[in-house]
Structure formats: structure tokens, C-alpha cells
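> this one's structure only:
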């Protein structure tokens, strides 16, 4: 026989505290992993250097470095103003800046504009490896806050899939090589 254990009573204060602790854990992880995303930008640029125009690389790298800089700034603000504060301060801080992670993912997802069906197959492969590594790393580092990891992965995959659909469906009007269709599917 299994004993019946009544569920714990959850009050709004407890829910806020739990959510704030998840945010605290996410921000602690973000402080430790931010450099990884910054290092990937020059690697990505070096892979695509001979395949993509300088203007496109400059535009994407400006967006990527800007969003990385914004994340560094937000983390500094967090450490300075919120780290030792209570649950309400954590919730307000994250409510204010939560879309920064989604914007970061979107910038990386839109990087497929640079390489999908535009670079050599070898360079496309390396770029896809970088994006998949970034996604895996993000799952591990953002998993403390499930809502954030979902938004991040949705924006990353959504941006990449939108670019592929545009390239195959609109620009090539489904006249490209057949191997592209299984990638989108």
C-alpha cells in the first residue's frame, strides 16, 4: 500500500520565492558562461570569412557583439543591484530584461542568412555544428529557468527555420537541390 501524502500547500509568497531562486540560479550560470558565446563570434566569422561579403559579416557581427555586450552589462547591473536583494527585486529585474536572451538567440538563429545555401558545404557544416553546440550549451546553462530556455530555443530554431524556408521557398521557389527539403522538414 502506498501512503497518501497530501500535497504541500503553495502560497503566492512561496511561488515568488521559488521563481526568484530560479532566476538567481540562471543569473549565476549566465555570469559563468557568457564568455563562451562571445568566443563563438570570431570563430563563426573566421569560418565564413571567404564565403560571405564583408558588409554582411560586419552587420551580423555588430548585432552579435552588441547583444553580447548588452548581456555583459545586464549581468553587471544584476551583480551590483539585485544579487543580494530579495525575491521581488529578482522578479522585477528579470521581468525587465528577460527578452535579452530571446534577442540573443534570434541573432544567432538569423546567422543562417550568412551561410545557408550561400557558403561551401564544408563551411555550412561547421556553422551548423557551431549552432547546434550553442543550442546544447544553452540548454545546459539556461535550464535553471525553463521559461527562458524555451524562449531561447524557440527563437534560435525559429530564426534558422524562417531563413531556410525563405531561401528555399521564396528565393529558389523550391527549385534548389533536393537535400534542402529534408533539412527543413
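Here it is on my side, so go on. The structure presented is a predicted model; accordingly, all values stated were derived computationally and were not measured.
> what about the most centrally placed residue in the chain, distance to residue 155?
Most central in the chain under Cα atoms, centre = their mean is residue 105, positioned 3.0 Å from the mean C-alpha point. Going from residue 105 to residue 155 by Cβ to Cβ, to the nearest Å gives 4 Å. Using the backbone N, CA and C atoms, a C-beta is placed for each residue, glycine as well.
> what mean pLDDT does the helix or strand encompassing residue 31 get?
Secondary structure from DSSP states H and E places residue 31 in helix 12-48. For helix 12-48, mean pLDDT is 90.
> what's near enough to touch the residue lying closest to residue 115 once chain neighbours are set aside?
Taking Cβ to Cβ, 6 or more residues apart in numbering, and ignoring the residues beside it in sequence, residue 115 has residue 127 as its nearest neighbour in space, at 4.5 Å. By Cβ atoms under 8 Å, 6 or more residues apart in numbering, the residues touching residue 127 are 44, 47, 48, 111, 112, 114, 115, 119.
> let's see that with 7 Å instead.
By Cβ atoms under 7 Å, 6 or more residues apart in numbering, residue 127 lies in contact with 44, 47, 48, 115, 119.
> now do the first one against residue 134, distance only.
Residue 44 is 9 Å from residue 134, where distance means Cβ to Cβ.
> give me the common contacts of these two.
Counting by Cβ under 7 Å, 6+ apart, nothing touches both residue 44 and residue 134.
> any low-confidence regions in the protein?
Applying pLDDT under 70 to the chain flags residues 1-3, 6-9, 179-185.
> tell me the helices in it, going along the chain?
Remark: helices assigned in the chain by DSSP state H are 12-48, 54-77, 87-97, 99-109, 112-115, 121-142, 146-165, 179-184.
> so which bits of the longest one are buried?
By neighbour count on 16 or more other Cβ atoms under 10 Å, the buried set for helix 12-48 is 17, 19-20, 22-24, 26-27, 29-30, 34, 37, 40-41, 44-45, 47-48.
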